[in-house]
Every structure is written in C-alpha cells, then in structure tokens.
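**Student:** curious how this folds, go ahead:
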Amino acid sequence: MNEGNVKTRVDEDNPSSPAAEGLAPSSGASAWWARAGRNRLVPHAVLAIVLIVLVPSLLTGSNLALATTAVIYGLFALSALVLFGWVGLGSFGQAAFFGTGAYTAAMLKDHQLNPLIVILIGAFVAMLLALVVAILAGNSSGIQFAMLTLVLGEVLHQLLFTFRDVFHGDDGIFGITAQPLFGMNLFDQKNFWWYSAGVAAVFALVLYGIHRSQLGKTFTAVRDDPVKAAALGTSVRVARTAAFMISGFVGGIAGVLYSQQQTGAAPGLVSTVMSGSVIFMVFIGGTSNMWGPFVGALVYTYLTTRLFQGSNTSTIWIGLLLLVVVVLVRGGIMGLVERGVRLLKQRVTTARSAS
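**Tutor:** Modelled structure (predicted):
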C-alpha cells in the first residue's frame, strides 16, 4: 500500500478529531445535528441563501451567466475536494466525470426528460465510471493513482473521436432544450440561476452531511494514516472506492448542469486541461472548508472569461498564480480568510480583557 497521499486539511469544523475517530461508533442523527449547530452550519446556510437570492438581483446578462458558470464549476471543484481533501487522493482525470455527465445529458436531449431526472441519470453514469476506475485502481495511491486517472481522462477523450457517429468528434453534441421545471423556463437566465444554484446548494449540504457522518470520519482516518486505519479494521480500499464514487456522482451533476447551460457538450470537457483547471479551483480557493471550491471557481471563471479572455498566455498566468498561492498563501484564499477571522477574534478578546 502506497502512502504518498495528498495531505490536505478539510477538518476546520472539527480540528480536534484524531484519525482513529473515524472508527468510533456513530452517535445518530440527533448528535450529528448537534455537532452541525456547534460548527456553524446555520450561519453558512444562511449566507448561502442570501447569496442565492441576491445574485440575480445584482447581476444581469453576461455577469449573471458568469456567476452561474462559477457555481457549476464550484460544484465540480467540490467533487474534486472529496478526493484531494477527504481521502488524500490526487486525481488528474476529474474531468472524465464532468464530461461524462455533460455527454449523458447531451445524448438524452431528444427524450424531453425532466431536468432533474437528467441530472440523476448523468450523475449515476459518472458514478458507475468512477466505480470501474476504482476497481481498476485497486490499492494504488499517490502518483500511481494520479497517473491512472490521467490515463482515464486521455482514454475517454480519444473515445470521443474514435466513435464519431455517437459523440460527433470535435463538433460535440449540441441542441439541448431543457424542459420546464415546476413551470420555470430554464432558458431564462434568472430561472437557470435559481435552478443551478439550488442544485449546487442541495448537494453541497449532502456532502457536508457525509463529511460530518461516520463515513466522513472513516475518510479522515484513511487520509491521515491508512496503515493505522487498516490495522484498526477499516477497509482502506472500500473507503477510497466510496469516496471516488461520491466524487464521480457530484462531478457528473456538475457536468449535466454545465451542458444544460451551454446547450451541449464538447470534447474539451473531458480534456486534461479541464482536469488541471479543477485542481486550480480547489487549491486557489482552499481545502479547509466547503466554500473554498466555490471561491476558487469564481476566481477561475473571472480570470478565463474576463481578465485573460482571448489571451494565448492565459494558462501560463493561471499556473503562475496557482504557484504563488500554494507557496505563499497556505490553505488558499479561504485559509487566508479563516486566519484573518481568527486573528480578529483574538484581538477583540484581548481588547475586552484589557478593558
């Protein structure tokens, strides 16, 4: 068993829990909600609701479309956080699940299905792909796992060109006409914002619940010390497979949303560049909490659609920015924010004590 895992911190809400806690008995749903209350779930949920309500009031046209894309990318980055942050596995092929969800939605475009049904189908197809890859990966981790996922992405990318009759090669599959949802016309930008932001919020909450659950503690134990976790009776392979399937499921959801927004899917969604982009989002935003991927996605979307739009050197500048953040800003943007908040609290406490 390799131990070259990606070590990232995503336990800001429970910094005192040791790895072995992942093997402790579950205390039930009521205890989970009690812990959630202590760990500021309600304020975070309120902030999310406020943002969801305010954004379409403050932004219109292309700016609202950009915000919608950022939310979708944020959900995509959240799927990568499950691997990088929860179980310490570095994936260079995360775009495979994003693209699988997108192409599944595109191939269902003529069936006039409820958009939520399409999301579930795309997510389950991506999850099945993740299961297959996890089985092939066996007990690999570290660079071996990263290379395997990289190969996966390249294989899927080539399949899109090999089976042109099915996937239409470079042209992709376009012409998605999302059916109305609860009477809402999803071609209206505001309605699509409500739809995509709502879906992202629901599944972010689901992931939060998983992370705070017994399964989440098992993931933490496997990430922090897989040898110790195995010695205490945890199946490291099963835990990593479960995390990979969850990651694939959420990545598939993001892919479906993206294809519905863009009305189609193209090979670039499965490319190595897209996989690299989601890594950028995760580490720019930070891995210490679940806001990080969304913050990183917003930064990435702004850079690629506004600041560096049409530039041939955009990838270079984005790579340099990632390097600077990783080296100088430990924990990404949200890590910096959290340290600032803690420092402010300390100063306020000190000032009160002095007075």
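**Student:** mind listing what's buried in the helix or strand harbouring residue 191?
**Tutor:** Following DSSP states H and E, one finds residue 191 within helix 189-212. Going by neighbour count (16 or more other Cβ atoms under 10 Å), the buried part of helix 189-212 is 189-197, 199-201, 203-204, 207-212. Quick note: C-beta positions are derived from backbone N, CA and C, even for glycine.
**Student:** residue ranges with poor pLDDT in the chain?
**Tutor:** Judged against pLDDT under 70, the low-scoring parts of the chain cover residues 1-40, 309-311, 313.
**Student:** where do the strands sit along it?
**Tutor:** 173-174, 264-265 (DSSP state E).
**Student:** at the geometric centre of the protein, which residue do we find?
**Tutor:** In the chain, the residue lying closest to the centroid (Cα atoms, centre = their mean) is residue 78, at 1.8 Å.
**Student:** so that residue is in contact with residue 249, correct?
**Tutor:** No - with contacts counted by Cβ atoms under 8 Å, residue 78 stays clear of residue 249, the gap being 11.3 Å.
**Student:** give me the neighbour count for residue 163.
**Tutor:** By other Cβ atoms under 10 Å, the residues close to residue 163 number 11.
**Student:** what about it, distance to residue 176?
**Tutor:** 20 Å (Cβ to Cβ, to the nearest Å).
**Student:** for residue 136, same thing?
**Tutor:** Residue 136 is 31 Å from residue 176, by Cβ to Cβ.
**Student:** tell me which of those two has more neighbours.
**Tutor:** Applying other Cβ under 10 Å to residue 136 and residue 176 shows that residue 176 carries more neighbours, namely 23 against 11.
**Student:** for this structure, which helix is longest?
**Tutor:** The longest helix of the chain (DSSP state H) is helix 236-262.
**Student:** and the angle from that one to helix 189-212?
**Tutor:** On the basis of axes from the mean of the first three to the mean of the last three Cα atoms, to 10 degrees, helix 236-262 is oriented at 170 degrees to helix 189-212.
**Student:** for helix 236-262, which helices and strands make contact with it?
**Tutor:** Judged by 3 or more Cβ pairs under 8 Å, 6 or more residues apart in numbering; DSSP states H and E, helix 236-262 is in contact with helix 61-81, helix 95-107, helix 115-137, helix 189-212, helix 214-224, helix 226-231.
**Student:** put together TSV for those, with distance to residue 155 on each row.
**Tutor:** Supplementary listing: those in TSV, determined by distance: least, Cβ to Cβ, whole Å:
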stretch	distance to residue 155
helix 61-81	19
helix 95-107	9
helix 115-137	10
helix 189-212	27
helix 214-224	27
helix 226-231	27
